[in-house]
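> take this sequence and fold it.
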Amino acid sequence: MTEPIRDSVEVALELDEKEVYSHIAHESAEDIIRIISSLDAERAKLHGEVIYYRDDWDDLIRERIAKGKRHTAFDFYNPALLDIWEAKVKESKEIKKREKIAYASIGAVAFLSLVASVSLGRPYFLIGFALLPLLLTVRERTREKLDLIYYELTQFFIDELRELVTKHSLQPERYKFKIFSGDYFGIKTKRTGTGLFAVVSPEKSESNH
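The predicted structure follows:
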């Protein structure tokens, strides 16, 4: 029979004081790099890139909640992280929901205008056709809003990782993460045979590629 899963704070409290903070900082950094890569993968998909990276950041947050409210970066280190993340997740889902409603509404009007044309013998279908370009407008605006959310949230977690690494004297190279976009601040990137990887840079104002 497997042992019950204990949250990170319970494990950390068995260690001495120095090891406690080192343990929590390490696990927090590992959580954060998963979030960064997952968020940026979603952003890259918006730009039409074919991404094979699979690590659902929405699933990750549920995993952390399932382990208990006390868990590394989401409580002991910085309780605000969970609130900020959840708010952005909710906002992105609302944007996607509104996009679907807009598509359905435009489609319904176009269909009804076609039915009216057939039934009444008048060119009401032109009204529906005139609305079809709105589909592209809705799509583009939705992508722009989601791109901004993913960018801001990814940059936020990059900044949090840098602060964590600096504060607890962690080795940045130990916490490299897969990245798909090169427009973030405060990272150093390196391209390898398997893609682009990054580590946080001490200088926030510079991004080295």
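
> contacts, neighbours, all on C-alpha from now
Fine.

> residue nearest the middle of the protein, spatially speaking?
Nearest residue to the geometric centre of the chain (Cα atoms, centre = their mean): residue 39, 2.7 Å.

> helices or strands up against the helix or strand hosting it?
Taking DSSP states H and E as the definition, residue 39 sits inside helix 17-46. Counting contacts by 3 or more Cα pairs under 8 Å, 6 or more residues apart in numbering; DSSP states H and E, helix 17-46 is packed against helix 8-12, helix 57-66, helix 133-167, strand 177-179.

> and if we set it to 10 Å?
helix 8-12, helix 57-66, helix 133-167, strand 177-179, strand 195-200 (3 or more Cα pairs under 10 Å, 6 or more residues apart in numbering; DSSP states H and E).

> okay, the angle between it and helix 133-167?
160 degrees (axes from the mean of the first three to the mean of the last three Cα atoms, to 10 degrees).

> for residue 171, which non-adjacent residue is spatially closest?
Take residue 171 and drop its neighbours on the chain: the residue closest to it by Cα to Cα, 6 or more residues apart in numbering is residue 165, 6.9 Å away.

> I'd say the one you found and residue 27 touch.
No - Residue 165 is not in contact with residue 27 according to Cα atoms under 10 Å; the separation is 11.5 Å.

> which of the two has more neighbours?
Neighbour comparison, residue 165 and residue 27: the larger count goes to residue 165, with 21 against 15 (by other Cα atoms under 10 Å).

> so what's the residue nearest to residue 171 up against?
Counting by Cα atoms under 10 Å, 6 or more residues apart in numbering, residue 165 makes contact with 25, 26, 28, 29, 159, 171, 172, 175, 200, 201, 202.

> select only the buried ones of the residues you listed in ChimeraX?
Only the buried entries of the contacts of residue 165 go into this ChimeraX selection, using 16 or more other Cα atoms under 10 Å:
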select :25,26,28,29,159,172,175,200,201
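
> before we move on, back to that, and among the helices and strands packed on helix 17-46, the most buried is which?
strand 177-179 (a mean of 22; mean count of other Cα atoms under 10 Å).

> please consider this matter closed, and thank you.
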